[in-house]
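[1] Pasting the sequence and the predicted coordinates here, then a few questions.
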Amino acid sequence: MKTRLKMLSMALALAALPAIGANAAEGTCSVNLTQDPLVMRIGKDEFRIAFGLDASSCKDGGCSGSIRYNTTWETDDGVRSTEQKTVAFNIPDGAERSLSVDRSYFDTAEAKHTTKVVGVDVSQISCAGAPQTGLASR
């Protein structure tokens, strides 16, 4: 619920800003998360992080962009770290929802520890190079 309220308040704040350049014109790509990112463990230190995307504004022409996010992870011996990553998405014409999945390895040395993901925070979703939304999740 908090994530949806943050998304709504950010969307209202962005709507109040004047259009900047051609990419900010009416009909511009506007993509939001459908839920918090899903973290899937593949191995001791290997994960997939999936982002569900609501892209109903892209239905008539498709859109592409990127998601910038931070992942906080911890090794079994208590070492904690945060990494910033970016994953691209490409939503085809006619689609209202999509999925983008990133592959990540989190460890201080290759497969030395069993790690766990403590949290994933989305800091920005950009369409065609123009930032559209700043979101925080989990």
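    Yes, it's here. Note that this is a predicted model, so its numbers are computed, not measured. Numbering: from 1, shown residues only.

[2] low pLDDT regions in the chain?
    1-29, 129-138 (pLDDT under 70).

[3] just the strands in it please.
    Here the chain has its strands, by DSSP state E, at 32-33, 38-41, 46-54, 63-75, 80-91, 97-105, 115-127, 130-133.

[4] residue farthest from the centroid of this protein?
    The C-alpha centroid of the chain is most remote from residue 77, which lies 28.5 Å away (C-alpha atoms, centre = their mean).

[5] Chain neighbours aside, what residue packs nearest to that residue?
    residue 113 (6.5 Å; C-beta to C-beta, 6 or more residues apart in numbering). For glycine as for every other residue, the C-beta is placed from the backbone atoms N, C-alpha and C.

[6] separation between residue 59 and residue 31?
    Per C-beta to C-beta, to the nearest Å, residue 59 is found 12 Å from residue 31.

[7] So for the two, which sits in the more crowded spot?
    residue 31 (24 against 15; other C-beta atoms under 10 Å).

[8] wait, the more buried one sits on residue 55?
    Yes - counting by C-beta atoms under 8 Å, residue 55 is a contact partner of residue 31 at 4.9 Å.

[9] Mind listing the shared neighbours of the two?
    63, 91 (C-beta atoms under 8 Å, 6 or more residues apart in numbering).

[10] hang on, the earlier thing: the residue nearest to residue 77 reaches residue 76, doesn't it?
    Yes - Residue 113 is in contact with residue 76 according to C-beta under 8 Å; the separation is 5.0 Å.
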